[in-house]
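S.K.: With the input below, show me the fold.
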Amino acid sequence: MSSRPQAHTSAGAAVTELILAVFRANGLLLEAGNRLVADTGLTSARWQVLGAIALAPAPLPVAHIARNMGLTRQAVQRLVNELAADGAVAFAANPHHRRARLVQLTRKGSAACDAASRRQVPWSNRLAEGLAEKDVRAAARLLRTIADRLERAGSGRVRFSQAACPRA
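M.R.: Next comes the predicted model:
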């Protein structure tokens, strides 16, 4: 005997709608990012990792970069290894951990990150046309709040019930 899934609250249904919109937007943003930097040797994924490294106040090990990005260490390690093979990042000794080397941008990586940013600024300005800045900032705050709750609920890992899967 199977139990019926619990019904969404009104807010729960709205969050589910937001999640689905974020999933769609994420795919479209990755595709747009890939097109934006296609001729630079970057992909959206590599660009994200370079950006995370560039924004860090000091060189970090892969595990810390992954945590800051909300990704798995393995996924970031694969991308960092690719970037290192391309000469965009380099590894340095970590005085706090013998095996977890620090990742830092090289000149080539910094130049690639700068080139991507130069393209991103006019692109995001065009995307923002006609949007109210207060609405965009409110949406960003809401997404940060949801991300913070997900992190507190288990390092970003959330268990979804059957109700999260639409029935055929």
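
S.K.: C-terminal to the longest helix along the chain, what's the next element?
M.R.: Across the chain, the longest stretch assigned as helix under DSSP state H is helix 10-36. Later in the chain than helix 10-36, the nearest helix or strand by DSSP states H and E is helix 44-55.

S.K.: For the helix or strand just after that following helix, give me every contacting residue.
M.R.: Sequence order places strand 60-61 as the next helix or strand after helix 44-55, per DSSP H and E. With Cβ atoms under 8 Å, 6 or more residues apart in numbering as the test, strand 60-61 has contacts from 53, 68, 94, 97, 100-103. For the C-beta atoms, the positions are set from N, CA and C on the backbone; glycine is no exception.

S.K.: Can I have the buried ones of those as a PyMOL selection?
M.R.: Buried subset of the contacts of strand 60-61, written as a PyMOL selection, criterion 16 or more other Cβ atoms under 10 Å:
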select buried, resi 53+101+102+103
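
S.K.: ok, so of the contacts of strand 60-61, who is nearest residue 78?
M.R.: residue 103 (12.9 Å; Cβ to Cβ).

S.K.: what's the host helix or strand of that closest one packed up against?
M.R.: Here residue 103 sits within strand 102-105, counting by DSSP H and E. If contacts are counted by 3 or more Cβ pairs under 8 Å, 6 or more residues apart in numbering; DSSP states H and E, strand 102-105 sits against helix 44-55, strand 60-61, strand 89-92.
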